[in-house]
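Colleague: Make a model of this:
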Amino acid sequence: MQKLYAWLRAHPLSVDAMIVLPLLLTSAGQVYDDNAPGGFTRCGHSILVVLYCLGATLRRARRRAAFALVALGCAGQLVMTSGMTVASFAVPMVLYVAAKSGTRRQSRIALVCVFVVPVTFYCVRRGSSLDLNVREAVFVYSFLTITLGIAWVLGDSMRTRRAYYAELEERAARLEFERDQQAQIAAAAERSRIARELHDVVAHNVSVIVVQADGASRAIDSSPDKAREALDTIARTGREALVEMRRLLGVLRAQSETEALVPQPSLRHLDDLVGQVARAGLSVGLVVEGVPIDPSRTVASTAYRIIQEALTNTRKHAGSTATAEVLVRYREDALEVRIRDDGRGAQAPGDGMGHGLIGMRERVAMHDGRLHIGPGPDGGWTVHVVLPYESAHDAVTRPARSTPETVVGP
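Modeller: Okay, the predicted model is just below:
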């Protein structure tokens with residue numbers, strides 16, 4: 001059945017020819033009936049039947065040619081004085097197709113024909129007589145106008161329906177495209193977030209392991225106890241790194257958003273972070289000002305990761321004798337974090353490809369915060385961050401700015 005339907009849609013000319021064939025045969029029987037007048041009238045009616053049937057056959061394949069053939073047939077029928085044949089149904093058929101599939105201009109021309117053709121037909125056929133029958137005129141005009149008007153209305157309704165379905169399909173395709181785009185954007189954002197998390201975890205823990213391994217290798221002969229303590233620190237840091245890595249891999253492998261995950265680090269873990277950095281050989285002081293509040297999870301995690309990255313960079317670049325200070329200030333409208341050291345400052349070597357600083361900027365941009373990175377007024381290096389409380393909940397529903405307000409310099 002589907003194959004037959006597909007063939008019918010692919011061959012409209014053949015389908016229309018099969019539909020018009022009964023009209024042609026019936027009209028031929030009317031014209032060549034024994035009681036019909038012969039001579040020129042019969043021959044002329046035969047030509048009209050051919051014009052009408054040919055126009056009805058071409059009404060979908062060649063709309064303009066069909067309209068011209070039917071119009072020529074109507075003009076010929078106005079000249080003759082005999083009645084109409086079954087082939088005259090080609091006129092509403094062509095009007096229907098013009099209103100349904102033609103251009104807007106063709107549809108308007110067909111609508112004009114609905115009202116003009118009946119008037120012209122009656123005026124030409126009956127206009128020579130001065131004693132017009134009003135009742136007959138009204139009947140003939142109403143019959144022709146209603147017949148042609150129904151054909152045009154049906155065609156225009158089909159046009160409107162097709163346009164409506166086409167708009168629905170276009171809207172569905174657009175929504176599907178937008179959904180795919182949103183999914184790609186969300187996937188890219190998640191990949192970026194995981195990349196930042198991986199950088200923070202790997203850079204911090206590996207740097208601690210490297211420092212402790214160097215210390216253990218130097219102290220293994222002269223001070224076995226310190227070497228053993230350094231190895232314990234390496235083992236503990238490695239286990240913490242494995243826990244963080246498993247958590248991130250769990251996020252990647254999770255099939256449901258409701259699965260339980262290891263909590264993100266927050267400001268409550270700052271003491272552990274400072275202690276870990278101190279055990280790695282960097283003297284760090286922690287100062288908390290203001291009334292401690294519990295900011296949102298994203299703000300707390302962002303502040304923790306920025307402090308972790310800043311201390312990692314200090315340990316890598318500031319020098320072995322440098323000291324650092326971490327200030328956490330709870331303001332009324334924002335969380336302020338400042339990490340500064342007294343190391344080599346701007347003379348410090350670069351941070352590889354700069355992924356750590358890029359990650360800081362992206363994290364701060366998510367919360368519409370402010371970021372200051374650069375040498376301090378008394379030397380060393382300073383990282384100053386302000387994270388508003390109120391914009392934290394907008395990090396998911398509102399697109400973040402491409403870059404935060406960043407100042408490089410003292």
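Colleague: residues contacting residue 269?
Modeller: residue 304 (CB atoms under 8 Å, 6 or more residues apart in numbering). From N, CA and C alone the C-beta is placed, and that goes for glycine too.
Colleague: try 10 Å this time
Modeller: The contact partners of residue 269, taken as CB atoms under 10 Å, 6 or more residues apart in numbering, are 263, 276, 300-301, 304, 308.
Colleague: My read is that residue 114 contacts residue 152, right?
Modeller: Yes. Taking CB atoms under 10 Å as the definition, residue 114 is a contact partner of residue 152 at 5.3 Å.
Colleague: just to revisit the earlier point, buried among the contacts of residue 269? Need that as a selection in PyMOL.
Modeller: In PyMOL, this line selects whichever of those come out buried by 16 or more other CB atoms under 10 Å:
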select buried, resi 276+300+301+304+308
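Colleague: So which of the contacts of residue 269 is the closest to residue 51?
Modeller: residue 301 (82.0 Å; CB to CB).
Colleague: Just say helix, strand or coil for the closest one.
Modeller: helix (DSSP: H, G, I helix; E, B strand; the rest coil).
Colleague: need the next SSE after the one helix or strand residue 169 maps to, C-terminal direction.
Modeller: Per DSSP states H and E: residue 169 is located in helix 134-219. Toward the C-terminus, helix 134-219 is succeeded by helix 224-253 as the next helix or strand (DSSP H and E).
Colleague: ok, back up a step: mind putting the contacts of residue 269 into TSV with distance to residue 5 and pLDDT?
Modeller: Formatted as TSV, the contacts of residue 269 follow (distance: CB to CB, whole Å; pLDDT from 0 to 100):
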residue	distance to residue 5	pLDDT
263	60	56
276	73	82
300	63	85
301	60	82
304	65	88
308	66	86
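Colleague: Name the residues contacting each of residue 114 and residue 152.
Modeller: 92, 95, 99.
Colleague: Surely the second one touches residue 101?
Modeller: No. Residue 95 sits out of contact with residue 101 when judged by CB under 10 Å, with a separation of 11.7 Å.
Colleague: between the two, what contacts are shared?
Modeller: 59, 107, 155.
Colleague: The last one: neighbouring residues, count only.
Modeller: Here the neighbour count serves as a burial measure; for residue 155 (other CB atoms under 10 Å) it reads 24.
Colleague: And the pLDDT at it?
Modeller: Residue 155 carries a pLDDT value of 87.
Colleague: Ramachandran angles for residue 291?
Modeller: Residue 291 adopts backbone torsions of phi -90, psi 120, taken as degrees, to the nearest 10.
Colleague: Quick check: bridge partners of the spatially closest residue to it that is not a sequence neighbour?
Modeller: Nearest residue to residue 291 in three dimensions, chain neighbours excluded: residue 330, at 5.8 Å (CB to CB, 6 or more residues apart in numbering). On the basis of DSSP bridges, residue 330 is bridged to residue 335.
Colleague: shouldn't residue 330 be in contact with residue 287?
Modeller: No. Under the criterion of CB under 10 Å, residue 330 makes no contact with residue 287, lying 11.9 Å away.
Colleague: Kindly confirm whether my reading is correct that residue 62 touches residue 56.
Modeller: No. With contact defined as CB under 10 Å, residue 62 and residue 56 do not form a contacting pair (11.6 Å).
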